[in-house]
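S.K.: Coordinates for the following, if possible.
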Amino acid sequence: GRGGVGGLAQAFNYGLIDTSGQHSSGIFSQSVGGGGGAGGGALSRAIGAQISVSIAVGGDGGKGGDATEADAYNIGQVQTSGGNAHGIFAQAVGGGGGLGGTAAAQNYNTSIPDEPSITLTTSVGGKGGAGGNGGLINVMNSGLLQTQGQDAYGVFAQSVGGGGGAGGDATATSMAYQQAKLAVTTSIGGAGGAGGDGGQ
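M.R.: Numbers count the residues shown, from 1 in each chain. Sure thing, here's the model as predicted:
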């Protein structure tokens, strides 16, 4: 299934924010789309004589959900004193596309000698889902931002598209107890999904 859409995230500060410790950002605002669901796997097995057909098609992965918007506004004072503790952290991230389902088709031809036989075996992997799009970021600061510690930015804002899902693997196996008159075996891997666009 398709991943859900990340909603609007808004954070306002008019007073004093004071944090200490690693990864303790003063203002953290984010909108994140849900990941797309994985396509189901498929297995097909045929055991027959004369005419034997086996087809397996993996399910397609769902599209990742889009992010909407993340806003952060500071009119007051933000102080942090830990590593990776940003003054304002705002991001909108699209969900990753779901994986395509794997597919496996197997065919066992048991026709007796001198009988005409046809064996068709086809396996198709599911397509990976497309990544969701990153959303809009708005950051406004007219107050004081003060950070101490490694990699602690005053303002960190990013909009990131989700990665496309991997295509599903495909495997086709055909076996005959005697030489078949016609045997066709096809295996097609699923296409990977497109990555999502980053937003503004």
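
S.K.: How about the contacts made by Val57?
M.R.: Val57 sits next to Ala42, Ala103, Ser123, Val124, Gly126 when contact means C-beta atoms under 8 Å, 6 or more residues apart in numbering. (Glycine included, C-beta is placed from N, CA and C.)

S.K.: To clarify, my last question referred to His86.
M.R.: Ser25, Gly26, Thr80, Thr147, Ala152, Tyr153, Gly154, Val155, Phe156.

S.K.: Give me the buried subset of those residues.
M.R.: Listed as buried from the contacts of His86 are Ser25, Gly26, Thr80, Thr147, Ala152, Tyr153, Val155, Phe156; burial here means 16 or more other C-beta atoms under 10 Å.

S.K.: Pretty sure the last one sits against Ala85.
M.R.: No - the criterion here is C-beta atoms under 8 Å, and Phe156 misses it with Ala85 at 10.5 Å.

S.K.: Spit out the residues that contact the two alike.
M.R.: Residues touching both Phe156 and Ala85 (C-beta under 8 Å, 6+ apart) are Ser25.

S.K.: ok so, going back, pipe the contacts of His86 into CSV and attach secondary structure and distance to Ala70 per row.
M.R.: As requested, these are exported to CSV (DSSP: H, G, I helix; E, B strand; the rest coil; distance: C-beta to C-beta, whole Å):
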residue, secondary structure, distance to Ala70
Ser25, coil, 13
Gly26, coil, 15
Thr80, strand, 19
Thr147, strand, 20
Ala152, coil, 19
Tyr153, coil, 16
Gly154, coil, 17
Val155, strand, 13
Phe156, strand, 12
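
S.K.: can you tell me which of these lies nearest to Asp60?
M.R.: Relative to Asp60, the closest of the contacts of His86 is Phe156; by C-beta to C-beta it sits at 35.1 Å.

S.K.: quick one, what contacts the closest one?
M.R.: Each residue near Phe156 by C-beta under 8 Å, 6+ apart is listed here: Ser25, His86, Ile88, Phe89, Ala90, Gln91.
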